[in-house]
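Engineer: structure of the sequence below:
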Amino acid sequence: MTDHPARAASAAACIRELAEATTDPGKAYANPAEIAAVTGNLLELARHLEDALRHLEVHIGRRDAGDWAAPDGEPPRPYARQARGAVQSAQADARNLGRALGRAMEALGPFRPAP
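Structural biologist: A predicted model of the protein is given here:
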């Protein structure tokens, strides 16, 4: 088994910590430059999430049919097809998230950190 589940859990924990740390609108961000920096990093996250979902979708399709046997001994169900469709939908959502954050970065242009 790979360490991919642990990596995904760690990434989720980091985002959860960011969300919890920014709940107070009066203290969440020091200035517009900080908002732009966080927005830019979330844009990168959306891009990486889209890539990870694409890879996940490919690997779902590569598993043998026997890998998808019902764990409870019931007749086979379309686990792979259903999961693959849901992951494709999530990938589209991540792509749309990236586009929206890209537009936000364009609007925040004057506050972007220097390269």
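
Engineer: what is the neighbour count of Ala28?
Structural biologist: 13 (other CB atoms under 10 Å). The C-beta positions use only the backbone N, C-alpha and C, and glycine is treated the same way.

Engineer: who's in contact with it?
Structural biologist: Ala21, Thr22 (CB atoms under 8 Å, 6 or more residues apart in numbering).

Engineer: so how far is Leu101 from it?
Structural biologist: According to CB to CB, to the nearest Å, Ala28 and Leu101 sit 17 Å apart.

Engineer: go on, Pro113?
Structural biologist: Going from Pro113 to Leu101 by CB to CB gives 15 Å.

Engineer: the two: which has the busier surroundings?
Structural biologist: Shown here are Pro113 and Leu101; by other CB under 10 Å, Leu101 has more neighbours (19 against 9).

Engineer: helix or strand for that one, just tell me which one.
Structural biologist: Using DSSP states H and E, Leu101 sits in helix 79-107.

Engineer: mind showing which ranges of this structure have poor pLDDT?
Structural biologist: 76, 114-115 (pLDDT under 70).

Engineer: where is the longest helix in it?
Structural biologist: What stands out as the longest helix in the chain, according to DSSP state H, is helix 32-62.

Engineer: who are the packing partners of that one?
Structural biologist: Judged by 3 or more CB pairs under 8 Å, 6 or more residues apart in numbering; DSSP states H and E, the packing partners of helix 32-62 are helix 4-21, helix 79-107.

Engineer: out of these, the one nearest Ala65 is which?
Structural biologist: Of all the helices and strands packed on helix 32-62, helix 79-107 sits nearest to Ala65, with 7.9 Å by CB to CB.
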